[in-house]
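[1] Predicted model follows, preceded by the sequence.
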Amino acid sequence: IPAYDAQAIETKWMKSWEEQNLFAVDTDSTKPKKYVLEMFPYPSGDLHMGHARNYTIGDAMARQARMRGFDVLHPIGFDAFGLPAENAAIKHNTQAAAWTYKNMDQALATMKRMGFSYDMDRLVKTCSPDYYRWGQWIFEKLWERGLVYRKKNPVNWCPKCETVLANEQVTEGRCWRCDSEVEKRDLEQWYIKITEYAQELLDDLEKLPGWPERVKQMQANWIGRSEGAEVDFTLCDVDGNPIAGDEGKITVFTTRADTLYGNTFFLLAPEYKGLMELVEGTEYEAAVREVVEGAKHISAVERAQGTLEKHGAFTGRYVINPVSGAKVPVWVADYVISDYGTGAVMAVPCGDARDFEFAKKYDLPIVPIILSEDDPLFEQLKDEQGTRITSVDWEEALTCEGVLVQSGKYTGMTGGKHSEGEAAIVADLEAAGTGRRSVQYRLRDWLISRQRYWGNPIPAIHCEHCGIVPVPEDQLPVTLPENLDLGAGETLAECREFYETTCPVCGAPARRETDTMDTFTCSSWYYLRYTDPHNTELPFSREAANRFMPVDNYIGGIEHAILHLLYSRFFTKALRDMGLLDVDEPFTNLLCQGMVKDENGDTMSKSKGNVVPPSSVIEPFGADTMRLAILFIAPPEKDFDWDPNAVEGANRFIKRAWRTVWQLVQTAGDASMLDKASLFKPALELYRERHRTLAKCTEDFDRGQFNTAISAMMELVNAANAYLNAVPADERDAALTALVATDIVSVLAPICPFVCEELWHEALGREGSVYTAPWPEFDAAEAAADEVEIAVQVLGKMRARVMVPANADAATMQAAAEQAVAKHIEGKTVVKAICVPGKLVNLVVK
Ligand code: ANZ
Ligand code: ZN
């Protein structure tokens, strides 16, 4: 038996696969397709363990699908634009492009060393003009369809990074990247109208049974559909006289119109349009301004969370409640956000926790209008006969459902979201013309412009005469200059060669847009480009996209549960509506792999110095060991702590499989001559085990459960060794040993490709690749042993073991059990028998 030399074997097959171009997909194939995709990496340096895990999962799926007769598309690329490249370039005084390309080369070398079966002809780098050209093209198509617009809005601005930040990129008022205090600036920015698709993005989550529930839940929350009503209030002065003019009416959005009688004050967002005009020149102006200024330093996300201390000020104005007729004071409050609903809120402190907290802090009245029937106040208030209560000294708001009290003719109805009381009040508001049904979404339009260099240039031209016009299609791409002096602080907006241009409409001198696109736009459609990567007429052809889409298995980190996956779903739908492809959803099955932590359960990071690089395993043991260890240690979606023992265990198993296969082939004949009737005990057991292992591996691979599939493979190797030990070489069944040797190599091949390809050729003596050979045939029914041993318990105590037919029904099992424990149940009656098929019978006796 030859020695197992991982390095020699892996070097040999790495080269051979590349020369054969073995993993190129066959585009005209009549075979069914399978599209296996791992989220592409950001090229920040060499691959780390998290990457290794991500790609090993995808590679095992792709290789097995290929063996099972699918035409497999399994591509790779790089999400190559982004700020880290720019920062590194500034720090090391080089070009962002050079830094990025160097990192991509390094990552590619490691991917090759790991044996990932990518179709390299389809490599996509988002910073390459032949890719980003089509990103610009798609941008212009969205623009044509009214899905791109510019808007002046208060945005988060980081003075140090000199760019706009998304709301999610601001924590406690500071930049997520550099920790500087973020400012609010009123800037005109580019937006993509993702909200146009809010309802479809929500509805179609139902078409994704192959996604983890929690990811779908996160997306649904992010889209945040709320059903409620708009209610109009009338602005007035302290005497209740209406204030005329445009500002005379203020509308709120509420999901709880049933609580209108509990409305004791009224709130405006600090950014509410016209707020400062309301207080101008009054004694309230200074306090209101303070709240407005203070709110600028807190992100909308945090303001909405409601965990921060609330600040507010009275405006000196009032509104009239259209249902109760009450006159309530108008305040500004920083927990009201300007871009949700109408930016105004009817506060109901008895039913809303935030309003309750605010009322306590500023000593505003809390009128109970909704109670549970066992509340001590209920008897007094249930029929408007008792004394009214105008303020309560509660510890917290009553946020659950209940019965309406002190609510005029609505008293006695149930209150709550979508309640009887809510429906009745909204119907009356609609009849009176002071309210209407309304649906709101939390989802905001996608702010995509960035004032950064290393990104895809927005293809627009600003002309004094013609306004903002798209760059004509035949002039795309707008090429990003690669020679900016970033070290000296040069930006695109200062790069004359870049921004000086002429207007494509009137020919006058004009200025090119110098904002670039959020890199999430690049990653929103790369999986489509892979289907047709060299197309020079279109981003991809409809035929190619329809052949391979949707992605069957998408594998990546849970950190992308919202943004990347939502943006990609949106792009797919928008491109579908342009007629570019015919699918509604891009990713059929989603697997979010867990994290690889260090031995002590800490996340690996450079700053902590606890990073285990893949090379530390590959160099001593080989890539096959690395791959096996990573898949065996835990189910793919679970986090795991790095364990050097697992690496050694994996290496031992590979060596054992290697020896077993070589031993089996010593007596191997023709597997097709197998005659089941001639197999006796040890052979029959091995025969059953191979059917069982194949059935298990096939099913587990489909679900991505590699750890249990590997356990089954280990059992097969054990069974083969049991047979080899029990039967002398000259008595072994030649067909069976041939069959099982092939089985071991085949089932292990998706996980340990190098050693299996070597065994395929050298031990089994086969031509061609194991990946072009078919997956072994099996029959799950053959796996079942004819008889199984079950445990027999009496009142939960173990009393005997007995053999029963493997497919025995409960009655048969009980009869066999009673016989086996006859002396323990003598003179008693069996009142119940609990039967677990194949395992045990528990007799309950009296
Ligand atoms: C009265 C009320 C009574 C409310 C009550 C809630 C409970 P969701 O479900 O998230 O859509 N609201 C409306 N616009 C707001 C804004 N711009 N900033 C902060 N809060 C706002 O939340 C809808 C509820 O959030 C609305 O219903 C409103 O308060 C508040 F017992 O109106 B409610
Ligand atoms: Zn012009």
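    That came through fine. Ligands and ions are numbered 1, 2, ... in the order given.
[2] hang on, Met114 packs against Arg53?
    No: in this structure Met114 lies outside contact range of Arg53 using Cβ atoms under 8 Å: 10.8 Å. From N, CA and C alone the C-beta is placed, and that goes for glycine too.
[3] chain center to the helix or strand of the chain with the lowest mean pLDDT: distance?
    Lowest on mean pLDDT, DSSP states H and E among the helices and strands of the chain sits helix 300-305, with a mean of 73. Helix 300-305 sits 22 Å away from the centroid of its parent chain (Cα atoms, centre = their mean, to the nearest Å).
[4] Just the CA trace of it, in PDB.
    C-alpha atoms of helix 300-305 as PDB (Å, rounded to 0.1, in the frame of the first residue of the first chain):
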ATOM      1  CA  ALA A 300     -32.800  57.800  13.300                       C
ATOM      2  CA  VAL A 301     -32.300  54.200  14.100                       C
ATOM      3  CA  GLU A 302     -31.400  54.900  17.700                       C
ATOM      4  CA  ARG A 303     -34.100  57.500  18.000                       C
ATOM      5  CA  ALA A 304     -36.700  54.900  16.800                       C
ATOM      6  CA  GLN A 305     -35.400  52.200  19.200                       C
END
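[5] For it, which helices and strands make contact with it?
    Judged by 3 or more Cβ pairs under 8 Å, 6 or more residues apart in numbering; DSSP states H and E, the packing partners of helix 300-305 are strand 170-171.
[6] The same query, at a cut-off of 7 Å, please.
    Here helix 300-305 touches no other helix or strand, going by 3 or more Cβ pairs under 7 Å, 6 or more residues apart in numbering; DSSP states H and E.
[7] Off-centre distance for the next helix or strand after it?
    Counting by DSSP states H and E, the next helix or strand C-terminal to helix 300-305 is strand 312-320. Distance, stretch centre to chain centre, for strand 312-320: 43 Å (Cα atoms, centre = their mean).
[8] cool, and stretch 185-192?
    Using Cα atoms, centre = their mean, the offset of stretch 185-192 from its chain centre is 27 Å.
[9] heads up, I number from 44, so please use that
    Got it, the first residue is 44 from now on, which makes the last one we talked about stretch 228-235.
[10] buried stuff in that stretch?
    Using 16 or more other Cβ atoms under 10 Å as the test for burial, stretch 228-235 gives Leu230, Gln232, Trp233, Tyr234, Ile235.
[11] pLDDT-wise, what's the bottom of those?
    Least confident of the buried residues of stretch 228-235 in the model: Leu230, at 87.
[12] Determine whether the claim that Lys195 is in a strand is correct.
    Yes: membership of Lys195 in a strand is supported by DSSP: H, G, I helix; E, B strand; the rest coil.
[13] got a pLDDT number for it?
    For Lys195, the pLDDT comes out at 89.
[14] ok, back up a step: could you tell me which residues touch both of Met157 and Arg96?
    When Cβ atoms under 7 Å, 6 or more residues apart in numbering defines a contact, no residue borders Met157 and Arg96 alike.
[15] residues from the chain in reach of ligand 2?
    For the chain, the residues found near ligand 2 under the criterion Cβ under 5 Å from the ion are Cys506, His508, Cys509, Cys546, Val548, Cys549.
[16] now, which of these lie within strands?
    Among those, the ones falling in strands (DSSP state E) are Cys506.
[17] Export the residues of the chain next to ligand 2 as JSON lines, with columns for pLDDT, distance to Thr297 and neighbour count.
    JSON lines is the format used below for those (pLDDT from 0 to 100; distance: Cβ to Cβ, whole Å; neighbours: other Cβ atoms under 10 Å):
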{"residue": "Cys506", "pLDDT": "97", "distance to Thr297": "45", "neighbour count": "19"}
{"residue": "His508", "pLDDT": "96", "distance to Thr297": "47", "neighbour count": "10"}
{"residue": "Cys509", "pLDDT": "97", "distance to Thr297": "44", "neighbour count": "15"}
{"residue": "Cys546", "pLDDT": "97", "distance to Thr297": "48", "neighbour count": "18"}
{"residue": "Val548", "pLDDT": "97", "distance to Thr297": "47", "neighbour count": "15"}
{"residue": "Cys549", "pLDDT": "97", "distance to Thr297": "50", "neighbour count": "12"}
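[18] The residues of the chain next to ligand 2: which two are farthest apart?
    His508 and Val548 (7.9 Å; Cβ to Cβ).
[19] Check the secondary structure at Pro392 for me.
    Following three-state DSSP, Pro392 is assigned to coil.
[20] contacting residues for it?
    Thr307, Asp398, Phe399, Ala402, Leu407, Ile409, Ala440.
[21] Nearest spatial neighbour of the fifth one, chain-adjacent residues omitted?
    It refers to Leu407. Phe308 (5.1 Å; Cβ to Cβ, 6 or more residues apart in numbering).
[22] what's near enough to touch that neighbour?
    Contacts of Phe308 (Cβ under 7 Å, 6+ apart): Val371, Pro372, Trp374, Ala390, Leu407.
[23] Sheet partners, orientation included, of the helix or strand hosting the first one?
    Meaning Val371. Assigned by DSSP H and E, Val371 belongs to strand 370-376. Strand 370-376 pairs in its sheet with strand 308-311 (parallel), strand 355-363 (antiparallel), by DSSP bridges.
[24] of all those, which lies closest to ligand 1?
    Ranking the strands paired with strand 370-376 by proximity to ligand 1 (Cβ to the nearest ligand atom) places strand 308-311 first, at 7.8 Å.
[25] where are the low-confidence patches of the stretch 144-293 of the chain?
    210-211, 287-290 (pLDDT under 70).
[26] can you give me the strands for it?
    167-168, 191-201, 206-208, 213-214, 217-218, 226-235, 268-279, 292-297 (DSSP state E, counting those that start in this stretch).
[27] wait, which of the ones you listed is closest to Lys719?
    strand 167-168 (50.1 Å).
[28] In the sheet, which strands lie alongside that closest one, parallel or antiparallel?
    strand 120-121 (parallel).
[29] correct me, but Ser481 touches Phe296?
    Yes: Ser481 lies in contact with Phe296 (Cβ atoms under 7 Å); the separation is 6.0 Å.
[30] That concludes my questions; thank you for your assistance.
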